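A.B. asks: Need a 3D model of the sequence below.
(one chain, ligands or ions: 1)
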Amino acid sequence: MKNITVAVAQMGPIQKAETREQVVKRMIKLMDDAKQCGADLIVYPELTLTTFFPRYFMEDQAEIDSWFESEMPNAATIPLFTKAKFYGMAITFGYAELTSDGKHFNTSIFVDKSGSITGKYRKVHLPGHSEYDSNRDFQHLEKRYFQPGDLGFPVYRTLGGIFGMCICNDRRWPETYRVMGLKGVEMITLGYNTPSFNSQKSAEGSEDRLFHNRLVQQAGAYQNSTWVVGVAKAGIEDGHPLIGGSLIIDPGGKIVAEAKTEEDELIVHTCDLDSCIFGKTTVFDFSRHRRIEDYSIITSQTGVVVPKEKDGS
Ligand code: CDT
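C.D. replies: Now for the predicted structure:
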């Protein structure tokens, strides 16, 4: 058995005017509760420190940069690092990263129990659009504010296991899980900010969004025999609803814990990383069963190319 106790720290809404310091206080309250539950690891959502700012159209670069962190830890987040180290708890959370050479990424870090940053991931699949779109009910401007991650999908050894991260929209793409699956990942943590409704005049509502949230993460867990831990920023931010549904999924694809609210809420589960072994050595023993000679199209072609129609058909 390789047990680790994971606390999923769902965050309720963060309004535009709320400061990082206010948010970090809420994060520490959840960390205090996680400590009471014996957590080894606490998982916070995508862009935890602020409201989901890609819903706002901005042109002024200084205003855009005000949503980003140019160092980590920094004055606002150091209390989080200090408390986690004091508790001997690993943490992972997302933030908007501005690098020293001026690049903008949607990033997650993994901080081990000693307070060292042992893992970093930069979001690869950026949804949305880059210019103001008047046909949408609301904007989703991730393609405007971030560039695609440049680190691939790394995994890293920590807490006695093999861990990886992805962020929000990444969870909808099977390649995300498979790349980490091929590196032996045993637990994937991911945060999300998912609007409860489709902005493009679709009938899709929050129940559909919650269904898809479970569907993709359960499939990713099962098909790679890995734990998947998904955590929401939820609730109504400046009039814009985001789904909750934070959850922990075992390597058989079953949900073992799920949030009930759209507020700050902790869910906790003790996960045995050795329970990944069965799937990884049977149905999903990649070295025995994968047929890479038939998969090359996956990395050589991005969009769909349909077969030519036959004459007369
Ligand atoms: N933050 C983020 O990536 N959100 C996207 C919204 C797309 S709507 C399906 C997501 O995939 O949840």
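A.B. asks: From here on, just use CA atoms for contacts and neighbour counts.
C.D. replies: Will do.
A.B. asks: after the helix or strand harbouring residue 63 comes which helix or strand?
C.D. replies: Following DSSP states H and E, one finds residue 63 within helix 61-65. Heading C-terminal from helix 61-65, the first helix or strand you meet, by DSSP H and E, is helix 78-87.
A.B. asks: could I have that following helix exported to CSV, CA atoms only?
C.D. replies: Coordinates of each C-alpha in helix 78-87 appear next as CSV, following Å, rounded to 0.1, in the frame of the first residue of the first chain:
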residue,chain,number,x,y,z
ILE,A,78,4.2,33.4,1.1
PRO,A,79,1.8,32.8,4.0
LEU,A,80,0.5,29.8,2.1
PHE,A,81,3.9,28.3,1.6
THR,A,82,4.9,29.0,5.2
LYS,A,83,1.8,27.3,6.6
ALA,A,84,2.0,24.3,4.3
LYS,A,85,5.6,23.7,5.3
PHE,A,86,4.7,24.1,9.0
TYR,A,87,2.0,21.5,8.5
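A.B. asks: For that helix, list every residue counted as buried.
C.D. replies: 79-81, 84-85, 87 (16 or more other CA atoms under 10 Å).
A.B. asks: any idea how far residue 239 lies from residue 255?
C.D. replies: Here residue 239 is placed at a distance of 30 Å from residue 255 (CA to CA, to the nearest Å).
A.B. asks: same question, residue 82
C.D. replies: For residue 82 relative to residue 255 (CA to CA), the value is 32 Å.
A.B. asks: so where's the stretch 1-150 of the chain shaky on pLDDT?
C.D. replies: Within the stretch 1-150 of the chain, the set of residues satisfying pLDDT under 70 is empty.
A.B. asks: for the stretch 101-250 of the chain, what spans make up the strands?
C.D. replies: 104-111, 117-122, 155-158, 161-167, 187-192, 227-232, 235-237, 240-242, 247-249 (DSSP state E, counting those that start in this stretch).
A.B. asks: Output these in a markdown table, with distance to the ligand and mean neighbour count appended to each entry.
C.D. replies: Below are the strands of the stretch 101-250 of the chain laid out as a markdown table (distance: least, CA to the nearest ligand atom, whole Å; neighbours: other CA atoms under 10 Å):
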| stretch | distance to the ligand | mean neighbour count |
| --- | --- | --- |
| strand 104-111 | 9 | 24 |
| strand 117-122 | 12 | 20 |
| strand 155-158 | 21 | 17 |
| strand 161-167 | 7 | 25 |
| strand 187-192 | 6 | 27 |
| strand 227-232 | 10 | 30 |
| strand 235-237 | 14 | 20 |
| strand 240-242 | 9 | 19 |
| strand 247-249 | 15 | 27 |
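A.B. asks: sorry, back to before: comparing residue 239 and residue 255, which shows the higher neighbour count?
C.D. replies: residue 255 (17 against 8; other CA atoms under 10 Å).
A.B. asks: Check the closest residue to the more buried one other than its chain neighbours and give its pLDDT.
C.D. replies: Residue nearest to residue 255 in three dimensions, not counting chain neighbours: residue 249, with 4.4 Å by CA to CA, 6 or more residues apart in numbering. With respect to pLDDT, residue 249 scores 99.
A.B. asks: Burial check on the closest residue to the ligand within the chain, number of neighbours?
C.D. replies: Closest approach between the chain and the ligand, counting by CA to the nearest ligand atom: residue 169, at 3.4 Å. By other CA under 10 Å, 20 other residues sit near residue 169.
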